[in-house]
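K.L.:
Structure, please.
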Amino acid sequence: MTIDVVVLAAGQGSRMKSQLPKVLHPIAGKPMLAHVLDSAKAVQADAMHVVIGHGAEKVKTAFADEENLTWALQAEQKGTGHAVMMALDSLAAEGTTLILYGDVPLTQPSTLKELIALANDQQLGLLTVNMADSTGYGRIVRDAEHKVTAIVEHKDANEAQLEIKEVNTGILAVPTAKLHQWLPTLSNDNAQGEYYLTDIIAMAVANGLTVETLQPANEQETYGVNNRQQQAELERWYQAQQVNNLMANGVTILDPARLDIRLGDNKNTGLTVGNDVVIDVNVIIEGQVILGDGVEVGPNCIIKNSTLAAGTKVEAFSHIEDAQVAESCVIGPYARLRPGAELADGAKVGNFCEVKKSQIGAGAKVNHLTYIGDASIGAGSNIGAGTITCNYDGVNKFKTEIGENAFIGSNTSLVAPINVGANATVAAGSTITKDVAAEELAVARSKQRNISGWQRPVKTEK
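P.N.:
Residues are numbered from 1 along each chain as shown. Modelled structure (predicted):
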């Protein structure tokens, strides 16, 4: 059976008060439309069709690399039925069409699979939800046998229908052949002068088809985003689900309300955790992150697209991005690992240190106020406070090589390209511009002079 997915994403989203098209606003760091397309892929859709209107070019640009995707333009917004008409020519002749919304991002694939299974040549699948306050929603009208007969929009509903609590989510699975038959016959004779997609429910009933309904496990799966408040509400619900899953897998989260899992731009995203992981407050995890057994993440840290192996401890206020950290390392507090940082077992990167595109060997220490860029540091080496690898001449980057068990004194500048051999020592305060051989001592600083009888300047009266 061919499965087509049509995503309606043409709305302006004026209540968002933004130049960004509404469907590009993020939930968990990923555009809402991306969430919807991921769900479409999860149900193994044969083709995905996105109906765009306001900000069409921005939306297309944001998904330029997306495969198996066709675009349909709704130049004038004349209702949901009109929107689906714009994609009608691209749909298969037979099979099932699943209709989704670009601003309803968190419908679960499991729910959509159940919905698709309800649809066949003689039956539609309709996702509904019961709401205590159904204001603004289309009501599900049923007959005496509890069979669905129609959906009545709020503005067109009579007093009895306004009391109905079961409402339409807009998400439905329809025999594609019937869509080809019904959509061209839609009328806009209603309170809003629009072509309602919901009118096909009455058409289905008139044609002798059954409308089967399904309700999701959580009503938040059906929530749309029309303003910043709704966006924030859905964000918090999403984060709560992620945190609950982590705790169910044994992760200690010191405050479930103060951890954010953000998906980022990568195709493969998510957090993978080992046993006995501990995460303190105000931590942000973004992209694809792996935390091994016993990893501890201190408060106010950001970890993005990185792997931290077993036993590693990240102290407070550290920022780790595109880094690979081996077992039993210590990072921070206030450390920054930039893309390309690689730490071997037992390495330490401490207070106010920055490491970029460099390898820190097993047991090596970079503990205080130091910048390591485009460098390789051998196992067991000690890098003193205030050391800088001078890797950039304003145009090109150059490499610093430091052998095993080297000792680099505090306040040292290593002007790359340079090689410091194994067991070498560099005296504190040196500016090193030439290679240092293994086991040598390098001293590159001016000679100290102590001047007797020195008088400090005194402030003169003005």
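K.L.:
all strands in the stretch 101-250 of the chain, in order from the N-terminus.
P.N.:
Taking DSSP state E, counting those that start in this stretch to define them, one finds strands in the stretch 101-250 of the chain at 123-130, 139-142, 148-152, 166-175, 210-214.
K.L.:
Gly287: which of those strands is closest?
P.N.:
Gly287 sits nearest to strand 166-175 of all those, at 28.8 Å, using C-beta to C-beta. (C-beta placed from N, C-alpha, C; glycine too.)
K.L.:
Just the helices from this protein, written as ranges.
P.N.:
Listed in chain order, the helices found in the chain under DSSP state H are 32-42, 56-62, 80-87, 109-118, 159-162, 176-182, 199-206, 228-248.
K.L.:
These: which one's closest to Pro417?
P.N.:
For the helices of the chain, proximity to Pro417 was assessed by C-beta to C-beta; helix 56-62 is nearest, at 40.7 Å.
K.L.:
now that closest one: mean pLDDT?
P.N.:
In this model, helix 56-62 carries a mean pLDDT of 96.
K.L.:
next one: that helix to chain centre, how far?
P.N.:
Per C-alpha atoms, centre = their mean, to the nearest Å, the displacement of helix 56-62 from the mean C-alpha position of its chain is 19 Å.
K.L.:
And stretch 312-330, by the same measure?
P.N.:
Per C-alpha atoms, centre = their mean, the centroid offset for stretch 312-330 relative to its chain is 20 Å.
K.L.:
buried sites along that stretch?
P.N.:
The neighbour-count criterion (16 or more other C-beta atoms under 10 Å) identifies 312-321, 323-330 as the buried residues of stretch 312-330.
K.L.:
ok, now stretch 189-199?
P.N.:
194-199.
K.L.:
How about stretch 178-185?
P.N.:
Judged by neighbour count using 16+ other C-beta under 10 Å, the buried positions of stretch 178-185 are 178-180, 182-183.
K.L.:
And the residues you listed, which is closest to Asp4?
P.N.:
Lowest distance from Asp4 to the buried residues of stretch 178-185 (C-beta to C-beta) belongs to Leu179, with 9.0 Å.
K.L.:
partner residues bridging the closest residue to that closest one other than its chain neighbours?
P.N.:
By the measure of C-beta to C-beta, 6 or more residues apart in numbering, the closest residue to Leu179 outside its immediate chain neighbours is Thr97, 5.6 Å from it. Thr97 has these beta-bridge partners by DSSP bridges: Asp4, Val174.
K.L.:
How many residues are close by Thr97?
P.N.:
28 (other C-beta atoms under 10 Å).
K.L.:
contacting residues for the residue lying closest to Gly274 once chain neighbours are set aside?
P.N.:
For Gly274, ignoring the flanking residues on the chain, the nearest one in space by C-beta to C-beta, 6+ apart is Asp293 at 3.7 Å. With contact taken as C-beta atoms under 8 Å, 6 or more residues apart in numbering, Asp293 is in contact with 274-277, 310-311.
K.L.:
TSV for these, including distance to Leu263 and neighbour count?
P.N.:
TSV is the format used below for the contacts of Asp293 (distance: C-beta to C-beta, whole Å; neighbours: other C-beta atoms under 10 Å):
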residue	distance to Leu263	neighbour count
Gly274	21	18
Asn275	24	12
Asp276	25	15
Val277	19	22
Ala310	25	17
Gly311	27	19
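K.L.:
returning to that earlier point: can you tell me which of the strands of the stretch 101-250 of the chain is most buried?
P.N.:
Each of the strands of the stretch 101-250 of the chain was assessed for mean neighbour count using mean count of other C-beta atoms under 10 Å. The highest is strand 166-175, with a mean of 23.
K.L.:
For the residue nearest the centre of the chain, give its distance to Ile164.
P.N.:
For the chain, the residue whose C-alpha lies nearest the mean C-alpha position (C-alpha atoms, centre = their mean) is Leu263; its distance is 2.0 Å. According to C-beta to C-beta, to the nearest Å, Leu263 and Ile164 sit 37 Å apart.
K.L.:
Could you do Arg338 as well?
P.N.:
The gap separating Arg338 from Ile164 is 57 Å, by C-beta to C-beta.
K.L.:
likewise Val43?
P.N.:
According to C-beta to C-beta, Val43 and Ile164 sit 29 Å apart.
K.L.:
before we move on, the earlier item: kindly present the helices of the chain as a markdown table, with separate columns for distance to Val289.
P.N.:
Formatted as a markdown table, the entries for the helices of the chain read as follows, by distance: least, C-beta to C-beta, whole Å:
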| stretch | distance to Val289 |
| --- | --- |
| helix 32-42 | 18 |
| helix 56-62 | 23 |
| helix 80-87 | 37 |
| helix 109-118 | 22 |
| helix 159-162 | 48 |
| helix 176-182 | 40 |
| helix 199-206 | 44 |
| helix 228-248 | 12 |
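K.L.:
Of the ones you listed, which is nearest Val283?
P.N.:
Between Val283 and the helices of the chain, the shortest separation by C-beta to C-beta is 10.8 Å, and it involves helix 228-248.
K.L.:
Which strands or helices does that closest one pack on?
P.N.:
Applying 3 or more C-beta pairs under 8 Å, 6 or more residues apart in numbering; DSSP states H and E, one finds that helix 228-248 makes contact with strand 26-27, strand 252-253, strand 259-262, strand 270-273.
K.L.:
go again using 6 Å as the cut-off
P.N.:
Judged by 3 or more C-beta pairs under 6 Å, 6 or more residues apart in numbering; DSSP states H and E, the packing partners of helix 228-248 are strand 26-27, strand 259-262.
K.L.:
Give me the angle between that helix and helix 32-42.
P.N.:
Angle, helix 228-248 to helix 32-42, by axes from the mean of the first three to the mean of the last three C-alpha atoms, to 10 degrees: 50 degrees.
K.L.:
State the mean pLDDT of helix 228-248.
P.N.:
The average pLDDT within helix 228-248 is 97.
K.L.:
quick check, distance from it to the centre of its chain.
P.N.:
Using C-alpha atoms, centre = their mean, we find the averaged C-alpha position of helix 228-248 to lie 13 Å away from the chain's own average C-alpha position.
K.L.:
Run through who's touching that helix.
P.N.:
Residues external to helix 228-248 that are found in contact with it (C-beta atoms under 6 Å, 6 or more residues apart in numbering): 27-28, 220, 223, 225, 253, 256, 259-261.
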